[in-house]
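In: this one's structure only:
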């Protein structure tokens, strides 16, 4: 699953700015953390790390030695040899959503009570990263070798299994009345994440002309949207929210997650390699059936046909014509893949805003969630 | 993790018979299911399958299509192509322990209430089987190709992940007051199982002279004993038992599990291939550091040194001298590995009986648990 590793202060074209366009959005209370939207989210994320890290760290320290070592390496708190490291455990977007949702519906007391749920969500996210890296043979994450590349497949699988169990144990040991429904929801979400990852792998194996846009959207919702939605829903549960609000916040997270994935796929093709940390066009070279690519392939345009012809054979750098990747990117763009992805992201963000307004009618209270949703979809690196 | 796939009516030498030696043990109530110990356990296991299978099946049917298909194949209810199969989901030993423990401490009502916990334990067991088969590259289980061999590593990993989540979701959705502590215990047990599997792999990679008997015993307790103990503890929780009884039943299951592993390792060397379904001496050919082998290697005897020399190089059938496996087995035996394993199994069973008596002072009520413990350690195939 993709991570929120890169960001800029600029807005991706096509993603609507919540509030009156052009005017600065009113910020009060929870949302007034920083001088700009980006800073607001950054401040929320930093505050989340400060709240979540001690509990997360304590949970990892409770693991038996072998599992602890792999987990601490994965989270960036240890080097492969067990010596301490500065830590680079990602942006904490999912725990930030848990805490922001709890605060939006229940104020600071609910936010404080939801820290354990935030840790559980972060553990589940990292369990899926450990396993996805094994399955996808991804050798690097957060600028370091992945756990399987250092410790082997078996240990990375086991550490992932242990993190899932740890997440659910944390909730089972939480006396808060929301813990049990939160657990049921989180466990259900894991099943959906597994199905999403399965579909992703299955779609990648199919011929380029045998994948529909709807299939890729459903897959992206399961693989990326589900856990963002679950994070928001757990925060709502810890605020004592009713079923409707919990469902609406789940919808908010899902739609924002899809918007994020669309933008992430755009960046995967047209992003600046210096910012993304990946070579330019890596997704195209890997013939990845990302959302803009499938939109282009199913566009019925001449550029779509050209893209299909390019995708029909694997990309081998040594044999490729000069500029082949640039030509592939241009085909996606000419077939409308880039525009579609940006319009779709805008649409998903609009839907996210509707769900948010349904769950949190008071705009001031929704500020934190808004800032986080903007943050994940604003990146254009 | 090993399965209870084979059994005979005979008793492994050295394993004590609970009750007065030579006299038939009194059977009443729960324990009076059959005319002999083996039949009693068999009847309990059959009854368990009848109680557990509908709930287990319903839980699997609730999975999304892709995960459901792999899970139903793994449990033997579907062929690889999705057509129905007769089902061969193993002996249901762990669910039987859950139900027998609940019945021992809380009677038929507790047993009926504990069915969901029994299903959860069986799901966790099968999640570990799916993952262990991937890590150990075991290509067959229950006389069929393993899930990874049919669907690939990624799908087998994902299906295992989904089964763990499903197990904990079942408990999270169970309104019984024992469900939450049961969940915490089961999740904690998963962490221990992961550590046990890690240690197993790590010990197998070490040189034969660099493994102590204590390390292998600790590993076997984590890998095999922990879930049997957890199964018994969950049954006790569902019977409303106190901490002491729950702990004692956990200890009973752990010690019985170790006894089982010791006997299983003996069978792995000296068992009848027709009964075990594995070629004779397969564990020795694989240079497995099973409990009798490590006992022999650390015996300080000339036979132990001979065994170490044999284990120092991999076994290659085409290059091996005729009778090399038989000679290896003989070295284990002469170094005392077989006798030690059988005496240790007897000792573990005695400890299991002590724990059982502590948790269930009325012998009649303990009959079901006794029968199951005898059953898993009686096999000498």
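Out: Yep, that arrived. Note that the coordinates shown come from a computational prediction; the quantities given were computed from them, not determined experimentally. Numbering: from 1, shown residues only, chains lettered A, B, ... in the order given.
In: what's the span of stretch A:268-281 from first residue to last?
Out: In stretch A:268-281, first residue to last residue: 7 Å (CA to CA, to the nearest Å).
In: excluding its backbone neighbours, what's nearest residue A:269?
Out: Distances taken as CB to CB, 6 or more residues apart in numbering or on different chains put residue A:329 closest to residue A:269, at 5.4 Å, once the chain neighbours are dropped. No exception for glycine: its C-beta is placed from N, CA and C like everyone else's.
In: Please give me every residue in contact with the one you found.
Out: Counting by CB atoms under 8 Å, 6 or more residues apart in numbering or on different chains, residue A:329 touches A:269, A:270, A:281, A:284.
In: Flag whichever of the residues you listed scores worst on pLDDT.
Out: Lowest in pLDDT among the contacts of residue A:329 is residue A:281, which has 83.
In: Would you mind confirming that that residue makes contact with residue A:271?
Out: No. Applying CB atoms under 8 Å, one finds residue A:281 not in contact with residue A:271, separated by 9.5 Å.
In: More neighbours: which of those two?
Out: residue A:271 (23 against 19; other CB atoms under 10 Å in any protein chain shown).
In: Compute the number of surrounding residues for residue A:354.
Out: Residues near residue A:354, counting by other CB under 10 Å, number 14.
In: So it belongs to a helix, correct?
Out: Yes. Using DSSP: H, G, I helix; E, B strand; the rest coil, the assignment for residue A:354 is a helix.
In: Scan the helices and strands of chain A for the one with the lowest mean pLDDT.
Out: Lowest on mean pLDDT, DSSP states H and E among the helices and strands of chain A sits helix A:273-276, with a mean of 74.
In: Show the subsequent helix or strand relative to it.
Out: Where DSSP states H and E defines the elements, the next helix or strand beyond helix A:273-276 is helix A:282-285.
In: related to what we said a few turns ago, among the contacts of residue A:329, name the buried ones.
Out: Neighbour counting with 16 or more other CB atoms under 10 Å in any protein chain shown marks A:269, A:270, A:281, A:284 as buried within these.
In: so which of those residues comes closest to chain B?
Out: residue A:284 (22.7 Å; CB to the nearest CB).
In: Which residues are in contact with that closest one?
Out: Contacts for residue A:284 (CB under 8 Å, 6+ apart) come out as A:269, A:293, A:315, A:325, A:328, A:329, A:332.
In: and chain A, what are its domains?
Out: Following automatic domain parsing, chain A resolves into domains at A:36-210+A:235-241, A:242-363.
In: right, so these: which one is the most enclosed?
Out: Mean neighbour count (mean count of other CB atoms under 10 Å in any protein chain shown) peaks for domain A:36-210+A:235-241 among the domains of chain A, with a mean of 21.
In: Touching, residue A:229 and residue A:250? I think so.
Out: Yes. Residue A:229 is in contact with residue A:250 according to CB under 8 Å; the separation is 4.1 Å.
In: separation between the closest residue to residue A:270 other than its chain neighbours and chain B?
Out: Spatially, and ignoring its direct neighbours in sequence, residue A:270 is nearest to residue A:329 (6.5 Å; CB to CB, 6+ apart). As defined by CB to the nearest CB, to the nearest Å, residue A:329 lies at a distance of 28 Å from chain B.
In: same question for stretch A:53-70, mean pLDDT?
Out: The average of the pLDDT scores along stretch A:53-70 is 96.
In: List of residues touching that stretch?
Out: With contact meaning CB under 8 Å, 6+ apart, stretch A:53-70 is reached by A:71-72, A:75, A:77-78, A:82, A:87, A:89, A:115-116, A:119, A:122-123, A:147, A:151, A:155-156, A:158-159, A:162, A:166, A:170, B:191-192, B:194-195, B:198-199, B:202.
In: Quick one: residues contacting residue A:169.
Out: Applying CB under 8 Å, 6+ apart, we find residue A:169 in contact with B:183, B:184, B:187, B:188, B:191.
In: likewise residue A:240?
Out: A:105, A:106, A:110, A:177, A:178.
In: at 10 Å instead, please
Out: A:102, A:105, A:106, A:110, A:113, A:176, A:177, A:178 (CB atoms under 10 Å, 6 or more residues apart in numbering or on different chains).
In: Repeat that for residue A:157.
Out: So residue A:157 contacts A:130-131, A:134-135, A:147-148, B:131-132, B:134-135, B:153, B:157, B:160-161, B:194, B:197-198 (CB under 10 Å, 6+ apart).
In: ok, 6 Å please
Out: Residue A:157 makes contact with residue B:131, according to CB atoms under 6 Å, 6 or more residues apart in numbering or on different chains.
In: Does residue A:268 touch residue A:282 like I think?
Out: No. Residue A:268 is not in contact with residue A:282 according to CB atoms under 6 Å; the separation is 7.1 Å.
In: Return every residue with contacts to both of the two.
Out: When CB under 6 Å, 6+ apart defines a contact, no residue borders residue A:268 and residue A:282 alike.
In: And the nearest residue to residue A:78 once chain neighbours are set aside, how far from chain B?
Out: Ranked by CB to CB, 6+ apart and with sequence neighbours excluded, the top spatial neighbour of residue A:78 is residue A:72, at 4.0 Å. The gap separating residue A:72 from chain B is 15 Å, by CB to the nearest CB.
In: quick one: residue A:72 is in a helix?
Out: Yes. Using three-state DSSP, the assignment for residue A:72 is a helix.
In: and the gap between it and residue A:55?
Out: 15 Å (CB to CB, to the nearest Å).
In: same question, residue A:103
Out: 17 Å.
In: returning to what we had before: quick check, nearest of the contacts of residue A:284 to chain B?
Out: Chain B lies nearest to residue A:293 out of the contacts of residue A:284, by CB to the nearest CB, at 21.4 Å.
In: secondary structure element for that closest one?
Out: Here residue A:293 is assigned to helix A:291-297, by DSSP H and E.
In: how distant is that helix from the center of its chain?
Out: Mean-position distance between helix A:291-297 and its chain equals 20 Å (CA atoms, centre = their mean, to the nearest Å).
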